[in-house]
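Peer 1: sequence plus the predicted model coming up.
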Amino acid sequence: MSATRQATVQIAPSILSADFAALGRDISAAERGGADLIHVDVMDGHFVPNITIGPPVVRAIKRIATRPLDVHLMIEEPDRYIEEFIAAGASMVSVHVEAVPHLHRSVTHIKKLGAKAGVVLNPSTPAVMLEDIAPDVDFVLVMSVNPGFGGQSFIPNTLKKLQRVRAVLTAAGSSAPIEIDGGIGLDNVGAVVAAGATILVAGQAIFGTSDPEGATRALRAAANRTPGG
Ligand code: DX5
Ligand code: ZN
C-alpha cells in the first residue's frame, strides 16, 4: 500500500483485555510500545451482554494515560452519558447506529462538547446506514466481531464491508478514517489495512500476551507490511 496510508495507521489497544487491577501498568506498557490511542470499551449489560466500566474509571485512566482516550459506547441511550464521558477525559466518543434513534443529534452533541464523534456499525448493519450521516462523522468504527467480549474471532466478511464503508464515505465527500475493532491480530492486520482501516483496535493481541509493549510494536510493524506494500 501507499506510504501515506502506512504513515497514518494508528494502534488503539483495548483495555478490555488488560489487567483491571493494574490498568496503569498495562496502559503505560502499551504506550511505550507506541500506542496512539487508548481504546475504552463501555458496556451496560443491555445493548451488549457484558458489563464493564463507566465515567469514574475513565477519569482515573485520564490521569495516567498520555494518549487520547477513545471511548466506545456499547450502551443503550448513550446520549444520557456522552457529556459525562467527555468531562471524564474522552477525546473520541463513538455511538452505535443500532443504539441511537437520532444519530445526527448524537454526533452533533459529541462534537459540540469538543470530542471527535464516531459512529459504529455492528457486523450485520450494512454500510449504507452511514449514507446520510457520513458528512458529519469524524470517524467510523466497523465492528469485526459481535460486540460484548474480547478474544473473539474476526468475521471475514468485514474485509468487503470496509471497502463498502470507504465507498459510502467517499461518495459523501468524506475522508474520515475507519477504525476496526474485534479479532485483530498479527495474522489479519495487513488485510484490514489494505481494505481501508487506519485505526486498529486490539485487545487480546496486546494485553493477552505477557509483553503488551512488544505486542503493540509488533502489530504496528505488521500493519506496515500490508499485502503488496
Ligand atoms: C468488543 C470490543 C473490543 C474488544 C476487542 O466488543 O468492542 O474493543 O476489546 O478485543 P479483541 O481485540 O480481543 O477482539
Ligand atoms: Zn471496542
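Peer 2: Perfect, thanks for sending it. Numbering: from 1, shown residues only. Ligands and ions are numbered 1, 2, ... in the order given.

Peer 1: list the contacts for Ile51?
Peer 2: Met43, Asp44, Gly45 (C-beta atoms under 8 Å, 6 or more residues apart in numbering). C-betas here are computed from N, CA, C, even on glycine.

Peer 1: which among the residues you listed end up buried?
Peer 2: Among the contacts of Ile51, those that count as buried by neighbour count (16 or more other C-beta atoms under 10 Å) are Met43, Asp44.

Peer 1: now, which of the contacts of Ile51 sits nearest His72?
Peer 2: His72 lies nearest to Met43 out of the contacts of Ile51, by C-beta to C-beta, at 9.0 Å.

Peer 1: return the distance of the one helix or strand the closest one maps to from the chain's centre.
Peer 2: Secondary structure from DSSP states H and E places Met43 in strand 38-43. Distance of strand 38-43 from the chain centroid (C-alpha atoms, centre = their mean, to the nearest Å) equals 8 Å.

Peer 1: for the next helix or strand after it, which positions count as buried?
Peer 2: Once strand 38-43 ends, the next helix or strand along the chain (criterion: DSSP H and E) is helix 55-64. Buried positions in helix 55-64, judged by neighbour count with 16+ other C-beta under 10 Å: Pro55, Val57, Val58, Ile61, Lys62.

Peer 1: residue contacts, the fourth one?
Peer 2: Meaning Ile61. Ile15, Leu23, Ile27, Ile38, Val40, Leu69, Gly89.

Peer 1: stretch 16-34 close to ligand 2?
Peer 2: No. Using C-beta under 5 Å from the ion, stretch 16-34 stays clear of ligand 2, coming no nearer than 6.9 Å.

Peer 1: pipe the buried residues of helix 55-64 into TSV and attach pLDDT and distance to ligand 2 per row.
Peer 2: Shown next, in TSV, are the buried residues of helix 55-64 (pLDDT from 0 to 100; distance: C-beta to the ion, whole Å):
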residue	pLDDT	distance to ligand 2
Pro55	98	17
Val57	98	15
Val58	98	14
Ile61	98	15
Lys62	98	18
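
Peer 1: sorry, back to before: in a markdown table, list the contacts of Ile61 along with distance to Gly150 and pLDDT.
Peer 2: Converted to a markdown table, the contacts of Ile61 look like this (distance: C-beta to C-beta, whole Å; pLDDT from 0 to 100):
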| residue | distance to Gly150 | pLDDT |
| --- | --- | --- |
| Ile15 | 10 | 98 |
| Leu23 | 15 | 98 |
| Ile27 | 16 | 98 |
| Ile38 | 15 | 99 |
| Val40 | 13 | 98 |
| Leu69 | 18 | 99 |
| Gly89 | 22 | 98 |
